[in-house]
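Q: Sequence and predicted structure below; questions after.
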Amino acid sequence: MSVTYSGHYDAIVVGVGGMGSAAAYYLARRGKRVLGLERFGVPHSMGSSHGHTRIIRLAYYEHPSYVLLLRRAYELWREIQSTVDEKLLHITGSVDAGPEDSWVFKGSWESCRLHDLPHEVLTGAELRRRHPGYHLPADHLALLQPEGGFLTPERCIVSYVAAAQDLGAEIHGHEKVLEWEPLEGGARVRTDRGVYEADKLVVTAGAWDGKLVDVLDGLAVPERQVLAWLQPTRPEYFRVDNFPVFNLLVDEGRFYGFPVHGVPGFKFGKYHHLEEVVVDPDEMDRQTHDHDERLLRDFAERYFPDGCGPTIDLQSCMFTNTPDYHFIIDVHPEYPQVSFASPCSGHGFKFASVVGEIMADLAENGLTRHDISLFRLDRLARPARDPVTDHGQGSEQLNGRPRSFPRAEDIRTFW
Ligand SMILES: Cc1cc2nc3c(=O)[nH]c(=O)nc-3n(C[C@H](O)[C@H](O)[C@H](O)COP(=O)(O)OP(=O)(O)OC[C@H]3O[C@@H](n4cnc5c(N)ncnc54)[C@H](O)[C@@H]3O)c2cc1C
């Protein structure tokens with residue numbers, strides 16, 4: 001395909017997935033001339049934002065400082081859903097459960113205490129009486145937070161893109177960014193279809209961030225995940241009105257799940273599934289296999305036996321992990337006209353609305369009113385270990401805490 005010079009923009013957004021769609025919208029809303037470039041379609045199932053549902057929750061065991069961002073995220077999700085007149089946010093309540101001293105239960109409880117969030121603490125037996133789909137061990141505790149629920153990720157992306165287009169943003173699907181270079185006061189982007197220039201460049205390329213931004217290489221590392229949908233044998237226990245979304249730490253690991261929505265099955269997955277670090281996201285094994293299904297069905301048979309009928313669907317997806325599992329959101333250390341976001345590590349979608357706003361702030365002013373100090377690039381040393389050769393050591397320890405790269409002592413963790 002011949003390369004043509006195609007114009008000048010206030011901002012170019014590379015990657016129109018969860019974060020990029022929102023960034024394009026908030027930039028367009030500020031009157032910016034925006035170009036969004038997406039290598040696949042809008043939406044698609046090759047990245048990190050497919051599979052019909054993503055959990056959103058206010059109680060946040062990963063770190064309490066996420067709660068303020070979450071309040072703004074909820075506000076913005078409600079705003080965009082009213083702009084496009086489509087329900088994107090479904091409130092079911094959220095359960096964070098595990099042994100009493102586990103980081104999932106304790107961290108969630110601590111975030112509720114610190115931020116004065118309404119919540120209840122139930123034993124496994126009490127939770128089952130209220131929500132009979134759950135069969136948790138008797139000695140586990142569950143924190144129930146009423147504002148938890150789920151988002152519909154593909155529809156969120158479509159909504160942000162449609163709203164951005166209404167404001168004049170140009171979005172190009174099936175156009176892959178090959179490289180970019182800084183210019184004085186701007187950036188030039190070369191794709192497989194054209195060359196574009198802009199005053200600001202926003203990179204929100206998900207699992208491909210490390211390929212496009214030198215300083216993210218080795219710090220934003222893709223990992224293969226698998227999701228299952230099983231037909232419940234007692235469908236009445238897995239309805240949106242009777243089954244809160246969950247994060248659950250059990251002997252087998254840390255799992256998350258949803259009521260039936262979008263696909264006729266109870267959906268769930270295991271964080272860091274088989275701990276398969278992927279060096280090149282284009283090379284990932286996207287097929288699902290018997291051993292993927294077995295691992296997931298074993299979990300459901302034990303803790304959600306009434307949700308464990310025939311398999312309806314299995315899908316693969318990618319996490320993009322940082323060394324401490326907190327996000328990376330920053331401006332490029334050498335080129336202040338370039339900003340980037342890697343808000344994943346398996347828990348980023350719920351923030352896409354507020355991350356879009358933050359990326360618009362960073363592109364417009366180089367700073368944001370939101371506290372993103374936890375996400376700054378300079379908190380992370382370059383990984384001293386090779387994520388490929390190390391992956392067999394596992395990304396979570398037996399106590400369910402993430403393993404950290406060497407400078408864990410320098411990183412503010414909650415648990
Ligand atoms: C199985 C699974 C379950 C999850 N569950 C939850 C959950 O319940 N709750 C939650 O909050 N989070 C969850 N997450 C995490 C969340 O989905 C991610 O944080 C989020 O989707 C990341 O969005 P993103 O915009 O960074 O990536 P993506 O949405 O993948 O967007 C990146 C985009 O960049 C495009 N791109 C890449 N390279 C180029 C290029 N060279 N040129 C042009 N375009 C390019 C890609 O095609 C893609 O569309 C889950 C993730 C997975 C995989």
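A: That came through fine. Just so we're clear, the structure is a prediction, and the values are computed from it rather than from any experiment.
Q: Contact partners for the residue in the stretch 301-415 of the chain that the ligand sits nearest to?
A: Closest residue of the stretch 301-415 of the chain to the ligand, C-beta to the nearest ligand atom: residue 348 (2.5 Å). Placement of C-beta: from N, CA and C, glycine included. Listed by C-beta atoms under 8 Å, 6 or more residues apart in numbering, the contact partners of residue 348 are 18-19, 48, 327, 355.
Q: mind checking pLDDT for it?
A: Here, the pLDDT recorded for residue 348 equals 98.
Q: got it, and the one 4 residues further on?
A: Looking at residue 352, its pLDDT reads 98.
Q: and it, how many neighbours does it have?
A: Neighbour count of residue 352, defined by other C-beta atoms under 10 Å: 31.
Q: Name the nearest residue to it, sequence neighbours excluded.
A: Counting by C-beta to C-beta, 6 or more residues apart in numbering, residue 352 lies nearest to residue 18, which is 4.1 Å off, once chain neighbours are set aside.
Q: now swap in residue 295 and tell me
A: residue 270 (6.6 Å).
Q: for residue 150, same thing?
A: Closest residue in space to residue 150, ignoring its immediate chain neighbours: residue 53 at 4.5 Å, by C-beta to C-beta, 6+ apart.
Q: Kindly provide the distance from that neighbour to residue 261.
A: Going from residue 53 to residue 261 by C-beta to C-beta, to the nearest Å gives 6 Å.
Q: Same question for residue 249.
A: Distance, residue 249 to residue 261, using C-beta to C-beta: 24 Å.
Q: So which bits of stretch 304-316 are buried?
A: Residues of stretch 304-316 classed as buried: 304, 306-308, 311-312, 314-316 (neighbour count, 16 or more other C-beta atoms under 10 Å).
Q: how about these in a markdown table, adding pLDDT?
A: Shown next, in a markdown table, are the buried residues of stretch 304-316 (pLDDT from 0 to 100):
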| residue | pLDDT |
| --- | --- |
| 304 | 98 |
| 306 | 98 |
| 307 | 98 |
| 308 | 98 |
| 311 | 98 |
| 312 | 98 |
| 314 | 98 |
| 315 | 98 |
| 316 | 98 |
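Q: could you pick out which of those are near the ligand?
A: Near the ligand, judged by C-beta under 6 Å from any ligand atom, there are no entries from the buried residues of stretch 304-316.
Q: Now for those residues: which two are most distant?
A: Within the buried residues of stretch 304-316, 306 and 316 form the most distant pair, 26.2 Å apart (C-beta to C-beta).
Q: For burial, what's the neighbour tally of the residue nearest to residue 150?
A: Number of residues near residue 53 (other C-beta under 10 Å) recorded here: 23.
Q: For it, grab phi and psi.
A: Main-chain torsions, residue 53, degrees, to the nearest 10: phi -140, psi 150.
Q: Report the spatially closest residue to residue 165, excluding sequence-adjacent ones.
A: Residue 165 sits nearest to residue 171 (C-beta to C-beta, 6+ apart), 6.2 Å away.
Q: picking up where we left off before, neighbour-wise, give me the winner out of the contacts of residue 348.
A: residue 19 (36 neighbours).
Q: OK, contacts around that residue?
A: For residue 19, the contacting residues are 204, 206, 341, 343, 348, 352, 355-356, 359, by C-beta under 8 Å, 6+ apart.
Q: measure it to residue 348 for me?
A: For residue 19, the distance to residue 348 equals 8 Å [C-beta to C-beta].
Q: same question, residue 356
A: Residue 356 sits at a distance of 12 Å from residue 348 (criterion: C-beta to C-beta).
Q: ok, how many other residues are close to the residue of the chain found nearest the ligand?
A: Using C-beta to the nearest ligand atom, the single residue of the chain nearest to the ligand is residue 17, 2.0 Å away. The number of residues packed near residue 17 is 26, by other C-beta under 10 Å.
Q: My reading is that the residue nearest to residue 165 is in a strand; is that accurate?
A: Yes - Residue 171 sits within a strand when classified using DSSP: H, G, I helix; E, B strand; the rest coil.
Q: how many neighbours does it have?
A: Residue 171: 22 surrounding residues under other C-beta under 10 Å.
Q: Does the residue lying closest to residue 333 once chain neighbours are set aside belong to a helix, a strand or coil?
A: Spatial nearest neighbour of residue 333, excluding adjacent residues (C-beta to C-beta, 6+ apart): residue 215 at 6.3 Å. Under three-state DSSP, residue 215 falls in the helix class.
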